[in-house]
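1. Build the 3D model from these lines:
(one chain, ligands or ions: 1)
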Amino acid sequence: MKCNEIFEKLGDYIDKDLEGDICAEIESHIKDCEPCIAFINTLKKTVELFHTVSEPEEPHIPEPVSNNLMEFLRKEISSGEK
Ligand SMILES: [Zn+2]
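-> Predicted coordinates for the structure are as follows:
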């Protein structure tokens with residue numbers, strides 16, 4: 001799996017919305033991929049932050065926030081690539 005494919009699935013991964021074998025693939029990739037580790041850490045922090053300020057019955061990040069975040073992080077990560 002490539003980083004881009006991982007990024008697209010990370011939202012679901014964090015929400016524990018993926019099948020076990022896809023989770024395993026993501027986990028084995030992010031173990032030794034620094035951009036993905038940085039990405040997932042940022043995403044987790046953002047999700048936690050969002051959970052603390054949102055209503056308990058709305059556990060998901062609204063689509064626009066999630067999309068903007070993905071876009072931002074993708075640019076951050078690709079600008080760091082040499
Ligand atoms: Zn990666």
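
2. Glu27: neighbouring residues, count only.
-> Counted by other CB atoms under 10 Å, the residues lying close to Glu27 total 10. All C-beta atoms are positioned from the backbone trio N, CA, C, and that covers glycine.

3. same deal with Ile26?
-> Using other CB under 10 Å, Ile26 is surrounded by 20 other residues.

4. Can you mark which positions in the longest helix along the chain are buried?
-> Ordering each helix of the chain by length in residues (DSSP state H) puts helix 34-53 first. Residues of helix 34-53 classed as buried: Pro35, Cys36, Phe39, Ile40, Leu43, Thr46, Val47, Phe50 (neighbour count, 16 or more other CB atoms under 10 Å).

5. which ones are touching His29?
-> Taking CB atoms under 8 Å, 6 or more residues apart in numbering, we find His29 in contact with Met1, Cys3, Ile6, Cys36.

6. Let's see the pLDDT reported for it.
-> Here the pLDDT value assigned to His29 is 93.

7. measure it to Lys2 for me?
-> As for His29, its distance to Lys2 is 9 Å (criterion: CB to CB, to the nearest Å).

8. that older thread, out of the contacts of His29, which touch the ion?
-> Filtering these for neighbours of the ion using CB under 5 Å from the ion leaves Cys3, Cys36.

9. re earlier: nearest to the ion among the buried residues of helix 34-53?
-> Proximity of these to the ion (CB to the ion) peaks at Cys36, which lies at 3.4 Å.

10. Helix or strand: which one has the residue nearest the centre of the chain?
-> By CA atoms, centre = their mean, the mean C-alpha position of the chain lies nearest to Leu10, the distance being 3.6 Å. According to DSSP states H and E, Leu10 maps onto helix 3-14.

11. before we move on, back to that, could I get the average pLDDT for the longest helix of the chain?
-> 82.

12. Which elements pack onto that helix?
-> Based on contacts counted as 3 or more CB pairs under 8 Å, 6 or more residues apart in numbering; DSSP states H and E, the elements that helix 34-53 packs against are helix 3-14, helix 20-31, helix 63-80.

13. Give me the buried positions along the second one.
-> Looking back up the chat, that one is helix 20-31. Judged by neighbour count (16+ other CB under 10 Å), helix 20-31 contains these buried residues: Glu25, Ile26, Ile30.
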